[in-house]
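[1] This is a predicted model, with the sequence first.
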Amino acid sequence: MASAFGHALLGATLGKLLLPSRPNWPWWLLAAACAVLPDADVIGFKFGVAYDSLWGHRGLSHSILVAALLAGGLVALSRLLQPQAAPPAAGRLGLLLFLATVSHGVLDALTTGGLGVAFFSPFEQQRYFFGFRPIQVSPIGIKRFAGAAAWRVLRSEAIWVGIPCLLLYVGQRILRPAAVNGAG
């Protein structure tokens, strides 16, 4: 897997790109959380869930279906909890949360380790990697993510996640009028 830092950075960047005005920052944070959330499946290891099972790591929780269901559920919840507020348009917010969640599997499919990502679970259990896999796989667990392993992963993510996110952000600042980006 990519680290939580890389996933969150990409989710927040998608938030900034799709909902660029500064008052939308809470949605950027929600997108960052959605981008990290699929890795909650690692709790299964504590309960003996096999890595390659439907409920295992990079299984159902990393699927396109779960990303769509999560995005739809969060959009509906946002409408229930903030009926008087003016949240972003449902379609745009849904797209953001879907892309942020599905980006998790995309980054994981670009890593150098693991069993691949079950993008089409539960309909198909095949796990996939992309042909180009430049991101160093992150160790599972906070205790293992330290020292040389952490440095190796973070350096890789700085290049393959951080730089593209920065370029997208700078490109948005250049291409969009200052009024859309929020003054200051």
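    That came through, no problem.
[2] Spatially, which residue comes closest to the residue positioned nearest the centre of the chain, not counting chain neighbours?
    Geometric centre of the chain, nearest residue: residue 35, 2.2 Å, by CA atoms, centre = their mean. Once flanking residues are discounted, residue 35 sits nearest to residue 11: 2.8 Å by CB to CB, 6 or more residues apart in numbering. Placement of C-beta: from N, CA and C, glycine included.
[3] Show the pLDDT at the one you found.
    At residue 11 the predicted local confidence, pLDDT, stands at 98.
[4] wait, what's in contact with it?
    Going by CB atoms under 8 Å, 6 or more residues apart in numbering, residue 11 touches 28, 31, 32, 33, 34, 35, 36, 100, 103.
[5] Let me know the helix or strand that the fifth one is in.
    When elements are assigned from DSSP states H and E, residue 34 belongs to helix 25-36.
[6] what comes up buried for that helix?
    27, 28, 30, 31, 32, 33, 34, 35, 36 (16 or more other CB atoms under 10 Å).
[7] measure the first one to residue 61 for me?
    By that I understand residue 27. 22 Å (CB to CB, to the nearest Å).
[8] Equivalent analysis for residue 41, please.
    4 Å.
[9] Looking at these two, which is more packed in?
    residue 61 (24 against 19; other CB atoms under 10 Å).
[10] Contacts only, for that one.
    Applying CB under 8 Å, 6+ apart, the residues near residue 61 are 37, 38, 39, 40, 41.
[11] Go ahead and confirm the last one touches residue 62.
    Yes - because the distance of 7.4 Å satisfies CB atoms under 8 Å, residue 41 is recorded as touching residue 62.
[12] what about the lengthiest helix in the chain, average pLDDT?
    Taking DSSP state H as the criterion, the chain has its longest helix at helix 90-109. Averaged across helix 90-109, the pLDDT comes to 97.
[13] From the contact counts, what lies against the very next helix or strand once past that helix?
    Next helix or strand after helix 90-109 toward the C-terminus (DSSP H and E): helix 147-157. Judged by 3 or more CB pairs under 8 Å, 6 or more residues apart in numbering; DSSP states H and E, the packing partners of helix 147-157 are helix 4-18.
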